[in-house]
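Visitor: Have a look at this prediction, sequence included:
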Amino acid sequence: MNLDLTGTHILSISQFEREHIDLIFNVADRMEPYAQRKRVTRVLEGAILGNMFFEPSTRTRVSFGCAFNLLGGEVRETTGVQNSALAKGESLYDTARVLSGYSDIIAMRHPVAGSVAEFASASRVPVINGGDGANEHPSQALLDLYTIKKELAAKHRAVDGLRIAMIGDLKYGRTVHSLSRLLTLFSDVKVILISPKELQLPEELVEDMRLAGHDVIISDQLEDGIGHVDIAYSTRIQEERFASQEEADLYRGKFRLNQAIYTKYCEPNTVIMHPLPRDSRSTANELDNDLNLNPNLAIFRQADNGIVVRMALFALILDVVDHIDLYSRPVGWYVNRRSN
Amino acid sequence: MNLDLTGTHILSISQFEREHIDLIFNVADRMEPYAQRKRVTRVLEGAILGNMFFEPSTRTRVSFGCAFNLLGGEVRETTGVQNSALAKGESLYDTARVLSGYSDIIAMRHPVAGSVAEFASASRVPVINGGDGANEHPSQALLDLYTIKKELAAKHRAVDGLRIAMIGDLKYGRTVHSLSRLLTLFSDVKVILISPKELQLPEELVEDMRLAGHDVIISDQLEDGIGHVDIAYSTRIQEERFASQEEADLYRGKFRLNQAIYTKYCEPNTVIMHPLPRDSRSTANELDNDLNLNPNLAIFRQADNGIVVRMALFALILDVVDHIDLYSRPVGWYVNRRSN
Amino acid sequence: MNLDLTGTHILSISQFEREHIDLIFNVADRMEPYAQRKRVTRVLEGAILGNMFFEPSTRTRVSFGCAFNLLGGEVRETTGVQNSALAKGESLYDTARVLSGYSDIIAMRHPVAGSVAEFASASRVPVINGGDGANEHPSQALLDLYTIKKELAAKHRAVDGLRIAMIGDLKYGRTVHSLSRLLTLFSDVKVILISPKELQLPEELVEDMRLAGHDVIISDQLEDGIGHVDIAYSTRIQEERFASQEEADLYRGKFRLNQAIYTKYCEPNTVIMHPLPRDSRSTANELDNDLNLNPNLAIFRQADNGIVVRMALFALILDVVDHIDLYSRPVGWYVNRRSN
């Protein structure tokens, strides 16, 4: 196994062994002082990220861009609305060949499954998949697992032996698919899959986890399922994947978690996660706002972790991990993150 | 009164005392060499501005971004068209918590009044209101007043004792509302409000200025009103706030100022201001292009002043005022601003 | 003739003498180590490009932006969808005066012919025309000619004596118009114009080339025309300029070049160019993908050359050519351009 990620594309979590995960997370840990604005590094000063979002996604796009800026690099980007060349009949091959001549590395989102891999095959620089339709979003899966690792570490626990409930739209939710795959790299995991029968996790993913020796339980009852887990991972109904809003509405509003339910059914200190955005409309509201003061609500720590994980990917692919601290200095401006 | 702006949100001009205004303007003066590209400073190298425009505004967005770049920082931004997460039911609280984890400071525009303050309450970093619907746009009000101060200073006058005419859509024009409020911090101001009866300044604002001891005259005649003022502040009809284009068209094209009217009615050296954009279509044309050669037309100096005022806000909030010159050097490239 | 480009607008290729071209190309050659990420320069650190695209064009916009970043400068930009001020009746004069106060130089695209020159006349900083409707796109013409020069130089040939076929929509194709004009600066050129009769090159351009002493042949046969040329310059049908899609479709799919035709009709090592995007849909496909492995397909080298040509323009206009190397250092991150 080649552990070196220098110059590689990041297209799918399937390309990772457990040692890759350990490596990425170790580098992510070392990015914390920069992400928290305690120190500034200029290691990538002069480098350019092509942040090519052919489908809008404010937070993922900004997260990639900020991660690159925090390493000292520049960002040029598209935001998904001016796809003129593709509309004029240009192939992804051509687009990739041209745009990859402009930057040192590319982060790319595209609505079509497989398109980022096709783009990468023609690209002259490394490409990170920032989401290709219903297919993959590897940096999201990594930040989810990194969050699980850190939340458990605070309790002197490891990912091996994890007990996790995944809740909601497990059929269309790309993040639970990717996370399920990543968990097969670990041992002795108990997974409780809570969803409407029609929105269960694809059978293949269930089988893979069982083949890895994990204990997988399928349920359609929230209260029973969340009683004995370390992590309750909630998701929203992926409305845009349903044939109609009416069909989606059949499932929105099921499996709502709020503070009262949490207090009644969960073990103390059960960690709550969600890939965001959470749907806060009264018809959905899968994670109630009354959980916002619960210190075990990890959803914003999860979003923050996206920065250090993406910094780690950039640093590993561009082979600057050992030089980051060398080009660093203390921050000279006001920093006082509010503690909420 | 706490004069220190370090770490504070800038949400409303109501939060300022006169001493704050003096402080901001003094710092703005010190930004001139950088805004005019005589010197470069890198004091915010490594810092990131989240320039979050959930409503399009090219000039305000670019002005905030350039001001931050001129201090050496980076800018990540949204331009108002890909508001996907909010469309999926995400609360402003969640959006704020996530996006404020990505940057050191945020400038934000949003179409809904009050939304920027709601965002700021959840943000972990300082937020500057870049316009929230019909509510506030404090940096615009500051740059207007800064322009008045500078234009008067060139004539050895102060803002105290100012005589100003405000002309046009005083009902919906956010900038005249904010400027009226700011003027209550000064003494002995004469204000002539020239508008159609239906578009008069809200009564509350008139009252506040009278309570401050100002002489406020309400008129619907342009020629009489502009005869004895230091500043003629013209505004366009805010078409987008009317029920129909037809209703707006009733008022467009009234109160046109051109060079002939200026020469006939105004005192010499009366300064002409406008928050821009001015509506140059023949059906409106509130400030004629034949004024472009009049040296008292201050509308572009006004726009330029936006840069130094926004630089001052960034520098004060991030507490780097005393280090700006320290991290500076002469400009090494061609700079020869055409004098027009 | 004034060879110095410091502070000048770049609006039309008509403003150039042959000595300007030589100068720009010599500077472009010196940009290669930076474009290929062998070295980093920070000569424009602190400078700001206003990348004002009032019409979408991902690749041209990103190319200008990356070129400026590669010289160490910052980029603030618009992407063509939020043209609110112009929609509110603002004149280009006002827009130019305001936006040119924010940056050191402007690259601008606009759908209306002549608009960039109008903008430039009011701008306080130099403006580069990034395409104004059907009128001009001078940096594209320069990169085309630069590509021709480099491809011929590899064969120890000069542009004087060039034999070139221009193929496709010669009526609406802005790039062939500009290239034709540039070729009048050189001597002894043979030009074969291959198009449907209805889409021939405008007569005026043909006349100008003949007045320059060039041998111009007009044809509607691909196979005959490409037999004895150094460069086959293919273009797509500019569908968006036709009255209807049906009318455009009459011409799409004519003059297809593929490897079989190339092998049968072209001299060995005939260089293939295209301004991109090429239309790869089966109904058009003017340059088949089976040419992608042909080393004489220069279309991606052509796109890459856009970076160094635009860097050269920025460096000349801002007068930093002699300082670029001074502010340079080796690249510190992974660079290994795939050779495809």
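Guide: Yes, it's here.

Visitor: quick one, strands of chain A?
Guide: For chain A, applying DSSP state E gives strands covering A:39-41, A:48-53, A:74-78, A:105-110, A:127-132, A:163-167, A:190-194, A:215-219, A:231-234, A:271-273, A:328-330.

Visitor: could I get these as CSV with mean pLDDT, mean neighbour count and distance to chain C?
Guide: Bear in mind the C-beta positions are built from the backbone N, C-alpha and C, glycine included. As requested, the strands of chain A are exported to CSV (pLDDT from 0 to 100; neighbours: other CB atoms under 10 Å in any protein chain shown; distance: least, CB to the nearest CB, whole Å):
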stretch, mean pLDDT, mean neighbour count, distance to chain C
strand A:39-41, 97, 20, 12
strand A:48-53, 96, 25, 5
strand A:74-78, 96, 24, 5
strand A:105-110, 96, 26, 9
strand A:127-132, 96, 25, 11
strand A:163-167, 98, 24, 36
strand A:190-194, 98, 22, 37
strand A:215-219, 98, 15, 40
strand A:231-234, 98, 24, 35
strand A:271-273, 98, 25, 33
strand A:328-330, 95, 13, 13
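
Visitor: Now distance to chain B too, for the ones you listed, in a markdown table please.
Guide: Rendered in a markdown table, the data for those read as follows (distance: least, CB to the nearest CB, whole Å):
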| stretch | distance to chain B |
| --- | --- |
| strand A:39-41 | 3 |
| strand A:48-53 | 8 |
| strand A:74-78 | 7 |
| strand A:105-110 | 11 |
| strand A:127-132 | 12 |
| strand A:163-167 | 17 |
| strand A:190-194 | 21 |
| strand A:215-219 | 25 |
| strand A:231-234 | 13 |
| strand A:271-273 | 14 |
| strand A:328-330 | 8 |
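
Visitor: Compare those and give me the one nearest residue B:262.
Guide: Nearest to residue B:262 among the strands of chain A is strand A:74-78 (45.5 Å), distances taken as CB to CB.

Visitor: what's the closest one in contact with?
Guide: For strand A:74-78, the external contacting residues (CB atoms under 8 Å, 6 or more residues apart in numbering or on different chains) are A:46-54, A:61, A:64-65, A:68-69, A:102-103, B:74, B:76, C:58, C:62, C:65-66, C:69, C:74-75, C:79.

Visitor: circling back to that earlier point, quick one: which of the strands of chain A is nearest residue B:249?
Guide: So among these, strand A:74-78 is nearest, using CB to CB, at 38.2 Å.

Visitor: now the angle between strand C:74-78 and the closest one, please.
Guide: Angle of strand A:74-78 versus strand C:74-78, following axes from the mean of the first three to the mean of the last three CA atoms, to 10 degrees, is 20 degrees.

Visitor: Report the angle between strand A:74-78 and strand C:48-53.
Guide: Interaxial angle, strand A:74-78 versus strand C:48-53 (the same axes, to 10 degrees): 10 degrees.

Visitor: ok, strand A:74-78: who's next to it in the sheet?
Guide: strand A:48-53 (parallel) (DSSP bridges).

Visitor: contact partners of the partner strand?
Guide: With CB under 8 Å, 6+ apart, strand A:48-53 has contacts from A:60-61, A:64-65, A:68, A:73-80, A:99-100, A:102-109, A:125, A:130, A:314, C:62, C:66, C:69-70.

Visitor: From residue C:300, how far out is the closest residue to residue A:102 other than its chain neighbours?
Guide: In space, and not counting its chain neighbours, residue A:102 is closest to residue C:66: 4.4 Å by CB to CB, 6 or more residues apart in numbering or on different chains. Per CB to CB, to the nearest Å, residue C:66 is found 15 Å from residue C:300.

Visitor: And residue A:54, by the same measure?
Guide: According to CB to CB, residue A:54 and residue C:300 sit 20 Å apart.

Visitor: quick one: contacts for the residue nearest the centre of chain A?
Guide: Centroid-nearest residue in chain A, with CA atoms, centre = their mean: residue A:140, separated by 1.2 Å. Residue A:140 makes contact with A:60, A:131, A:174, A:175, A:178, A:275, A:306, according to CB under 8 Å, 6+ apart.

Visitor: what's the first one in contact with, if anything?
Guide: Think residue A:60. Each residue near residue A:60 by CB under 8 Å, 6+ apart is listed here: A:53, A:109, A:130, A:131, A:140, A:306.

Visitor: would you turn the residues you listed into a markdown table with distance to residue B:296?
Guide: What follows is these, written out as a markdown table (distance: CB to CB, whole Å):
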| residue | distance to residue B:296 |
| --- | --- |
| A:53 | 46 |
| A:109 | 51 |
| A:130 | 52 |
| A:131 | 55 |
| A:140 | 57 |
| A:306 | 52 |
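
Visitor: Closest to residue B:335 out of those residues?
Guide: Taking CB to CB as the measure, residue A:53 is the one of the contacts of residue A:60 closest to residue B:335, at 34.6 Å.

Visitor: Not counting stretch A:252-269 itself, show me its contacts.
Guide: Stretch A:252-269 has contacts (CB under 8 Å, 6+ apart) with A:155, A:167-168, A:194-196, A:222-223, A:226-229, A:232, A:234, A:237, A:239, A:270, A:272, A:279, A:283-288, A:290-291, A:294, A:296.

Visitor: how distant is that stretch from the center of its chain?
Guide: Chain-centre distance of stretch A:252-269: 23 Å, with CA atoms, centre = their mean, to the nearest Å.

Visitor: what about the helices in the stretch 1-150 of chain A?
Guide: Remark: helices assigned in the stretch 1-150 of chain A by DSSP state H, counting those that start in this stretch are A:18-35, A:58-70, A:84-87, A:92-99, A:115-122, A:138-153.

Visitor: tell me which strands and helices the fourth one is in contact with?
Guide: In other words, helix A:92-99. Where contact means 3 or more CB pairs under 8 Å, 6 or more residues apart in numbering or on different chains; DSSP states H and E, helix A:92-99 is packed against helix A:84-87, helix A:115-122, helix C:58-70, helix C:299-317.

Visitor: Can you tell me which of these has the worst average pLDDT?
Guide: Lowest mean pLDDT within those: helix A:84-87, a mean of 66.

Visitor: would you turn the helices and strands packed on helix A:92-99 into CSV with distance to residue B:41?
Guide: Below are those laid out as CSV (distance: least, CB to CB, whole Å):
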stretch, distance to residue B:41
helix A:84-87, 38
helix A:115-122, 39
helix C:58-70, 19
helix C:299-317, 22
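
Visitor: I'd like to know which of those is closest to residue B:34.
Guide: Taking CB to CB, helix C:58-70 is the member of the helices and strands packed on helix A:92-99 nearest to residue B:34, at 18.9 Å.

Visitor: okay, that closest one in CSV with CA atoms only?
Guide: C-alpha atoms of helix C:58-70 as CSV (Å, rounded to 0.1, in the frame of the first residue of the first chain):
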residue,chain,number,x,y,z
THR,C,58,-15.6,31.0,-17.1
ARG,C,59,-12.4,30.3,-18.9
THR,C,60,-11.5,33.9,-19.9
ARG,C,61,-12.4,35.2,-16.5
VAL,C,62,-10.4,32.5,-14.7
SER,C,63,-7.5,33.0,-17.1
PHE,C,64,-7.2,36.7,-16.4
GLY,C,65,-7.6,36.1,-12.6
CYS,C,66,-5.0,33.4,-12.5
ALA,C,67,-2.5,35.4,-14.5
PHE,C,68,-2.9,38.2,-12.0
ASN,C,69,-2.5,35.9,-9.1
LEU,C,70,0.6,34.4,-10.6
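
Visitor: show me what contacts residue A:66?
Guide: Applying CB under 8 Å, 6+ apart to residue A:66 gives the contacts A:307, B:48, B:76, B:102, B:103.

Visitor: Just name the closest of these to residue C:25, please.
Guide: Of all the contacts of residue A:66, residue B:76 has the smallest distance to residue C:25: 35.7 Å, by CB to CB.

Visitor: Could you give the number of residues near residue A:61?
Guide: Per other CB atoms under 10 Å in any protein chain shown, the neighbour tally for residue A:61 reads 26.

Visitor: was I right about it contacting residue A:109?
Guide: Yes. Look at residue A:61 against residue A:109 with CB atoms under 8 Å: they come within range, at 7.4 Å.
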